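> below is the sequence, then the predicted model.
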Amino acid sequence: MEEKKKHKNGKYWLDMETPDDRRARLRSLYIVHSAMLVFSLGFSIILTGILPYLKRLTSLDDAHLLELFGWMVAINPIGQMIFSPIFGWITNKIGSIRIVCLITCVIYILGNVIYSCLSLLPDSHDGWWRAGFMLLGRLLVGISTANQAPIRAYIAGATFKHERNAHI
């Protein structure tokens, strides 16, 4: 049996890639980490302002307002839950996460633009149009955060075993 070539420091992975390949791999990992941070913040930071924003945009009574607030909070994870396996399947089929990440970035931007422009919609039907578009915007943001499953799979495939704890 042929012995594996060992690096002088016992770090076999240093022989498996060139320094340029390592820099490119780490750069791509930092890009996906940054994207995951932005997508995650899009849910958590906006979450604190949804109820005051709903109160300002609609003229609903407190009971309807709180029920609608529950849907605003829930719609993001619902979109993520539904689309995570779909984006994972697409990523496996095409063999790259690049196109999925670009598409989800566009969806994320669109969802946040809708959310930020709600006050431009007419204030009719007690604000139900605005609330409906807010739900749509939050759903789009949730769909865009479904890219986290393929990104985590990419990280697992792009790291050596000893690096995974730091990256995942």
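Alright, I've got the coordinates.
> what residue ranges in the protein score low on pLDDT?
Confidence mapping of the chain against pLDDT under 70 gives the ranges 1-15, 165-168.
> ranges for the helices of it?
Secondary structure of the chain by DSSP state H: the helices cover 19-47, 50-57, 62-94, 98-116, 128-144, 148-158, 164-167.
> export those helices to JSON lines and tack on mean neighbour count and distance to Pro122?
No exception for glycine: its C-beta is placed from N, CA and C like everyone else's. What follows is these, written out as JSON lines (neighbours: other Cβ atoms under 10 Å; distance: least, Cβ to Cβ, whole Å):
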{"stretch": "helix 19-47", "mean neighbour count": "13", "distance to Pro122": "23"}
{"stretch": "helix 50-57", "mean neighbour count": "16", "distance to Pro122": "11"}
{"stretch": "helix 62-94", "mean neighbour count": "15", "distance to Pro122": "18"}
{"stretch": "helix 98-116", "mean neighbour count": "17", "distance to Pro122": "15"}
{"stretch": "helix 128-144", "mean neighbour count": "21", "distance to Pro122": "7"}
{"stretch": "helix 148-158", "mean neighbour count": "17", "distance to Pro122": "36"}
{"stretch": "helix 164-167", "mean neighbour count": "11", "distance to Pro122": "47"}
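> quick test: name the residue nearest the centre of this structure.
Centrality entry for the chain: nearest residue to the mean C-alpha point is Thr145, 2.5 Å, by Cα atoms, centre = their mean.
> please report the distance of Val141 from Leu66.
21 Å (Cβ to Cβ, to the nearest Å).
> related to what we said a few turns ago, who are the contact partners of the residue nearest to the centre of the chain?
39-40, 42-43, 76, 79-80, 104, 108 (Cβ atoms under 8 Å, 6 or more residues apart in numbering).
> can you rerun that using 6 Å?
Applying Cβ atoms under 6 Å, 6 or more residues apart in numbering, we find Thr145 in contact with 39, 80.
> Leu47 too?
With Cβ under 6 Å, 6+ apart, Leu47 has no contacts at all.
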